[in-house]
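> when you get a sec, could you give me coordinates for this:
(2 chains, ligands or ions: 2)
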Amino acid sequence: MPDEPILEMRGLRKTFGRAEVVCGVDIVVRRGEKVCMLGPSGSGKTTTLRCLNLLTEPSSGELYFHGQLVGRWPSGRGSRSAANDAQRLRRHVSMVFQHFGLFPHLTALDNVTLGPVHVLGMNRREAAERARALLRRVGLEQFAEKHPATLSGGQRQRVAIARAMAMNPDVILFDEPTSALDPEMVGEVLSIMEQLASDGMTMVIVTHETNFARHVADRVVVMENGVILEEGTPVDIFERPTQRRTREILRARVQA
Amino acid sequence: MSLTELESWMPVLLQGLLVSLELTAVASLLTFAFATMIALLRISPLRPIRLVTTAFVDLDRSVPLLALLIFVYFGLGKYLAFLGLPAFWVAVLAISVNEAAYLGEVYRAAIESISQEQWDAATSLGLSRRQTLALVILPQAVPAGIPPTVNDVIYILKASSLASLVSVNELTNVSTQLVSVTFLPMQIYMTIGAMYLALTVPLSYFARWLEVYVNRRLGLRVPPEAAHGAVVPIAGATDLSAAVSAKDATDA
Ligand SMILES: Nc1ncnc2c1ncn2[C@@H]1O[C@H](COP(=O)(O)OP(=O)(O)OP(=O)(O)O)[C@@H](O)[C@H]1O
Ligand SMILES: [Mg+2]
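Ligands and ions are numbered 1, 2, ... in the order given. Coordinates of the predicted model:
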């Protein structure tokens, strides 16, 4: 079923202290879909993304995975069973971070095998074989035994993408995967992501790369002040936005 | 002093030295175990556990070792004797419980120096909190904890001399007894001073070397001064102590 929803968040709100930074967001991510999220700094993109794998706990809202309720907030449930559900969800929802989040004490290969071995219970030999294949896919096979400190930013982010793929996830969440990179390394990471997209991976991508969003996204979501300002196909959003603010935000991005 | 005199004290001093080393070894192991426990309890997700541990640590850190030792030995002596606990073990327990509060805080600072991003990355892979600690956080915190640990062994070796006050026949105690029969305080105390020195100095060099070695093994950055072979035996320890005091200031 091509448009089967994989992740569905209803009525997401998140407050930090007294500040409400996400104020009622609904997001549906369907199988194979590429959703790009754009918006000015502080608009709540990262917070929304982190609520999709419960790295941040929603203040209110409902999260469904393959149509099944994962949690409803505010929740009166014991924190232990909620933590277990969140942990189970994360096996299927991988994440790629702006600052890579590689484990510096492990080699590139061990970064990639950690999840499969300790979370999926795969044996080490098989995990290492698959990890090598993934590192080959991101063009880093010869760096398998290197530690992250010896890799460039672009190479680190490619290892992080291989690590996310190694979990065989249903969806991968990307939080500004190229924002921390030197300009000359942005391309290598985006092209890996494009390849992943064309292989049919379901992806949610927070990005400032409007060109990438134009080419790759099935749907673009524009956020501001904790709400979704507008959402639609790249053509809708980039060629004929209905909101004046959308146009201003996108123009600011192109110029920046 | 003549050579024969030296020869006649030596077996006595060496016997005392042996007891000092035993005391240091056992107390160090226990301190390490208690400190690890304290650090893990201090970062527990459960608030009541954190509160109780914090209260214990604060109390423990405010009691001088000598006072604790005297209290346990003379104050609780009756009950401990009833339990059949010899002076050696009274000293071991007092030293390790007292030291663990300090070292536990150093370990906690080392754990807390690992960024939230590492927790996030591990958690997002589906690792549990326990797996995240064991596989991601602790391995990175270990190098920072090594110099303070070895320095603590040095401290415990020196603190073991306090056990002489509760009648443990360790180095300081036997040399005092020796002085009372030979009337050669200067020579005897110089000799045991040299013995303590011969143990502590190599230990501090070892601490530094071990930190560099472990960092290399883990592929982590080596502190520049260490990489060049310069000897700054307790730099890591002072950094973390500063971190502990700074943290205390913000906690207050
Ligand atoms: N853990 C937190 N505690 C308190 N405030 C937070 C926390 N995380 C985010 N915020 C606040 O929430 C608001 C939204 O942050 P968020 O990171 O979601 O924005 P963003 O759209 O990802 O911005 P950017 O483009 O800068 O990454 C910001 O004002 C931020 O300061
Ligand atoms: Mg962000």
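> quick one, phi psi at A:R31?
Main-chain torsions, A:R31, degrees, to the nearest 10: phi -60, psi 130.
> touching, it and A:D3? I think so.
Yes: the pair A:R31 / A:D3 is scored as a contact, 7.0 Å apart, by CB atoms under 8 Å. All C-beta atoms are positioned from the backbone trio N, CA, C, and that covers glycine.
> could you pull out the helices for the stretch 151-252 of chain B?
B:171-182, B:185-217, B:224-227, B:235-251 (DSSP state H, counting those that start in this stretch).
> same check on chain A?
For chain A, applying DSSP state H gives helices covering A:45-52, A:79-90, A:108-118, A:124-137, A:153-166, A:183-198, A:210-216, A:234-239, A:244-255.
> do the last one and ligand 1 meet?
No: applying CB under 6 Å from any ligand atom, one finds helix A:244-255 separated from ligand 1 by no less than 10.8 Å.
> give me the more crowded residue out of A:R31 and A:D3.
More neighbours surround A:R31 than the other of A:R31 and A:D3, with 15 against 9 (other CB atoms under 10 Å in any protein chain shown).
> so that one versus chain B, what's the distance?
To chain B, A:R31 is 20 Å away according to CB to the nearest CB, to the nearest Å.
> partner residues bridging the residue nearest to the spatial centre of chain A?
With distances taken as CA atoms, centre = their mean, the residue of chain A nearest its centroid is A:L173 (1.3 Å). In this entry, A:L173 is beta-bridged to A:M95, A:V204, by DSSP bridges.
> ligand 1 contacts on the stretch 101-250 of chain A?
Counting by CB under 6 Å from any ligand atom, no residue of the stretch 101-250 of chain A is near ligand 1.
> what does the stretch 101-250 of chain A put close to chain B?
With the criterion set to CB under 8 Å from any CB of the partner chain, the stretch 101-250 of chain A comes near chain B through A:101-107, A:114-115, A:118-119, A:147-150, A:163, A:167.
> what about the residue lying closest to A:V159 once chain neighbours are set aside, neighbour count?
Nearest residue to A:V159, sequence neighbours excluded (CB to CB, 6 or more residues apart in numbering or on different chains): A:A108, at 4.8 Å. Neighbour count for A:A108, taken as other CB under 10 Å: 28.
> list the contacts of A:A108.
When contacts are counted by CB atoms under 8 Å, 6 or more residues apart in numbering or on different chains, A:A108 touches A:102, A:135, A:140, A:143-148, A:151, A:159, A:162.
> try it again at 7 Å.
A:135, A:140, A:143-144, A:146, A:159 (CB atoms under 7 Å, 6 or more residues apart in numbering or on different chains).
> may I see the residues you listed organised as CSV, with pLDDT and neighbour count added?
Conversion of the contacts of A:A108 to CSV gives the following (pLDDT from 0 to 100; neighbours: other CB atoms under 10 Å in any protein chain shown):
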residue, pLDDT, neighbour count
A:L135, 98, 23
A:L140, 97, 24
A:F143, 97, 21
A:A144, 97, 19
A:K146, 96, 16
A:V159, 98, 27
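> out of those residues, which is nearest to B:V57?
Of all those, A:V159 has the smallest distance to B:V57: 39.3 Å, by CB to CB.
> what's around the residue of chain B found nearest ligand 1, how many residues?
Taking CB to the nearest ligand atom, ligand 1 has its nearest neighbour within chain B at B:Q116, 8.9 Å off. By other CB under 10 Å, the residues close to B:Q116 number 9.
> what separates it from A:L102, distance-wise?
Per CB to CB, to the nearest Å, B:Q116 is found 15 Å from A:L102.
> now swap in A:L140 and tell me
Distance from A:L140 to A:L102, by CB to CB: 12 Å.
> intersection of neighbour lists for the two?
With CB under 7 Å, 6+ apart, A:L140 and A:L102 have common neighbours A:V159.
> returning to what we had before: I figured the residue nearest to the centre of chain A hits A:V204, correct?
Yes: judged on CB atoms under 7 Å, A:L173 makes contact with A:V204 at a distance of 5.0 Å.
> joint contacts of these two?
A:49, A:52.
> where does pLDDT dip in the stretch 151-252 of chain B?
Low-confidence segments of the stretch 151-252 of chain B (pLDDT under 70): B:219-252.
> which residue does the stretch 51-200 of chain B bring closest to chain A?
B:A121 (3.2 Å; CB to the nearest CB).
> by mean pLDDT, show me the worst of the helices of chain A.
Mean pLDDT across the helices of chain A is lowest at helix A:244-255; the value there is a mean of 81.
> next, count neighbours for A:M203.
Using other CB under 10 Å: A:M203 sits among 23 other residues.
> next one: B:R129
15.
> which residue, other than its chain neighbours, is closest to it?
That would be B:P45: by CB to CB, 6+ apart, it lies 6.9 Å from B:R129.
> what's around the one you found, how many residues?
10.
> what's the closest non-adjacent residue to the residue of the stretch 51-200 of chain B closest to chain A?
A:G101 (3.2 Å).
> spit out the contact partners of that neighbour.
A:160, B:117-118, B:120-121.
> whichever of those end up buried, select them in PyMOL.
To isolate the buried members of the contacts of A:G101 in PyMOL, using 16 or more other CB atoms under 10 Å in any protein chain shown:
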select buried, (chain A and resi 160) or (chain B and resi 118+120+121)
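> closest one of the contacts of A:G101 to B:F32?
Nearest member of the contacts of A:G101 to B:F32, counting by CB to CB, is B:Q118, at 23.8 Å.
> any idea how far B:I154 is from the residue nearest to A:T46 when sequence neighbours are not counted?
Leaving aside its chain neighbours, A:T46 sits nearest to A:D175 (5.5 Å; criterion: CB to CB, 6+ apart). Using CB to CB, we find A:D175 at a distance of 46 Å from B:I154.
> distance from stretch A:23-33 to the middle of the chain?
How far stretch A:23-33 lies from its chain's middle: 12 Å, per CA atoms, centre = their mean, to the nearest Å.
> so what touches that stretch?
A:2-13, A:35, A:48, A:171, A:200, A:202, A:204, A:218-219, A:226-228.
> those residues, buried ones only, as a ChimeraX selection?
Buried members of the contacts of stretch A:23-33 can be picked out in ChimeraX with the line below, counting by 16+ other CB under 10 Å:
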select /A:5,6,7,8,9,10,12,13,35,48,171,202,204,219,226,228
